[in-house]
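Peer 1: Build me a model:
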Amino acid sequence: MDGQNRKDIYPGLEVGIILKKDQRSGNITYGIVKDLLTSSAFHSRGIKVRLEDGQVGRVAEIVED
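Peer 2: Numbers count the residues shown, from 1 in each chain. Next up, the predicted model:
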């Protein structure tokens, strides 16, 4: 599942994000969502979130259980 729809993402969810510095390489960083930073319902490059460790990036994938 991708992270383009805000309704699919909530605090406590485990996700993979792409940090600003990793946009070229596509490196994915995994963590737990703390805050949603994108206010719109949809974003073509992924909803921007802050992880519990403070890193900020756009959701590339939602980790399934």
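
Peer 1: these two touch, right, residue 57 and residue 16?
Peer 2: No - counting by Cβ atoms under 8 Å, residue 57 stays clear of residue 16, with 9.1 Å between them. (Each C-beta comes from the backbone N, C-alpha and C, glycine too.)

Peer 1: any common contacting residues for these two?
Peer 2: Shared contacts of residue 57 and residue 16 (Cβ atoms under 8 Å, 6 or more residues apart in numbering): residue 29.

Peer 1: Those two: which is more packed in?
Peer 2: Higher neighbour count among residue 57 and residue 16: residue 57, with 25 against 17, using other Cβ atoms under 10 Å.

Peer 1: For residue 8, grab phi and psi.
Peer 2: The phi/psi pair for residue 8 (degrees, to the nearest 10) reads phi -90, psi -10.

Peer 1: right, I mislabeled it, should have said residue 22
Peer 2: Per degrees, to the nearest 10, the backbone of residue 22 is at phi -100, psi 10.

Peer 1: That one: what's it in contact with?
Peer 2: Residues near residue 22 by Cβ under 8 Å, 6+ apart: 28, 29, 57.

Peer 1: Cheers, nothing more for now.
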